[in-house]
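# I'll drop the sequence and a predicted model, then ask my questions.
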Amino acid sequence: MTPTLGIRASKFLRVVAVAAAIAASLLAVGCVTRIDMHDQPKMKPLRENDFYADRRGSRPVVEGTVARGQLKEDSAFYTGKVNGQYVAEFPFPITAPVLERGRERFNVYCSPCHSRLGDGNGMIVQRGFKRPPTYHSDRLRQKPIGYFFDVETNGMGSMAEYASQVPARDRWAIAAYIRVLQLSQNASRADVPAGMTVSSHPPDLSLMPEAASGDAKGTKESEARRGGKPTE
């Protein structure tokens, strides 16, 4: 090897060594100072934070603050009461769609205990659960409508509250449907509008849409279990 090539090779090796040292230094610094996103500096709820004098990271809500959609100024609508007394009137017009909605929600949430007639002989009562009072007693027929809404909202006795599951408007629809049930079991011919007749025979429940759809579903499921093709 000539002296010139030896000098050039020596310089090249020194450059490579310096570059490697610099890269290693940068890599070491990067490993020390790296902060992952999941470990970033921030306030975590209910954690201590020395930025504030009381060291509470979660600050108290300003007095009088109301969450959006939670103002609930209409006492009659949200509580069924005005000045601590049950209201006797509905807070909005009761129409056929409202009653239909009340019937549907009642059958979902109330009928397991109260039955679809409201006589307190629901399916779980038949299987040993405590029987609720019938809606058709004189005591409950005379209760103002706000009473039923309040019981739905806050519960009573062994009945849990339903405010967390059923919106306020649906609770009013259920209360309206309870009035329908009460009328259905205690109506007289004088309550029938002029020009209408009342059949002396009980209604054929198999003709109701719910029963028809349920029968169709049951038929399809039975056919499927037998390995046959369900009929449409």
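Yep, that arrived. Residues are numbered from 1 along each chain as shown.
# how close does the residue minimising distance to the centre of the chain get to M123?
Centroid-nearest residue in the chain, with CA atoms, centre = their mean: Q165, separated by 4.6 Å. Using CB to CB, to the nearest Å, Q165 is found at 19 Å from M123. Heads up, the C-betas are built off the backbone N, CA and C, glycines and all.
# for D36, same thing?
Using CB to CB, D36 is found at 55 Å from M123.
# The two: who's more crowded?
M123 (12 against 6; other CB atoms under 10 Å).
# Setting aside sequence neighbours, what's the nearest residue to the more buried one?
P112 (5.8 Å; CB to CB, 6 or more residues apart in numbering).
# Ok, R55 next?
E48 (5.2 Å).
# pretty sure that neighbour contacts S58?
No: look at E48 against S58 with CB atoms under 8 Å: they stay out of range, at 10.1 Å.
# What are the phi and psi values at the closest residue to K81 other than its chain neighbours?
Among residues not flanking K81 along the chain, G146 sits closest, at 5.8 Å (CB to CB, 6+ apart). When read as degrees, to the nearest 10, the backbone of G146 gives phi -60, psi -30.
# Count the residues that sit near A24.
Applying other CB under 10 Å, I find that A24 has 10 neighbouring residues.
# Over to R131?
By other CB under 10 Å, neighbour count at R131 equals 16.
# Helices along this protein, start to end?
Per DSSP state H, the chain carries helices over the ranges 3-33, 75-79, 96-109, 111-114, 123-126, 138-141, 145-154, 168-186, 209-225.
# List the residues that contact the residue nearest to R55.
For E48, the contact set (CB atoms under 8 Å, 6 or more residues apart in numbering) comprises 55-57.
# Point out where this protein drops to low pLDDT.
1-9, 12, 25-35, 203, 205-232 (pLDDT under 70).
# before we move on, the earlier item: separate out the buried members of the contacts of E48.
Neighbour-count burial (16 or more other CB atoms under 10 Å) is assigned, among the contacts of E48, to G57.
# What is the neighbour count of the residue nearest to K81?
What G146 shows, counting by other CB under 10 Å, is a neighbour count of 22.
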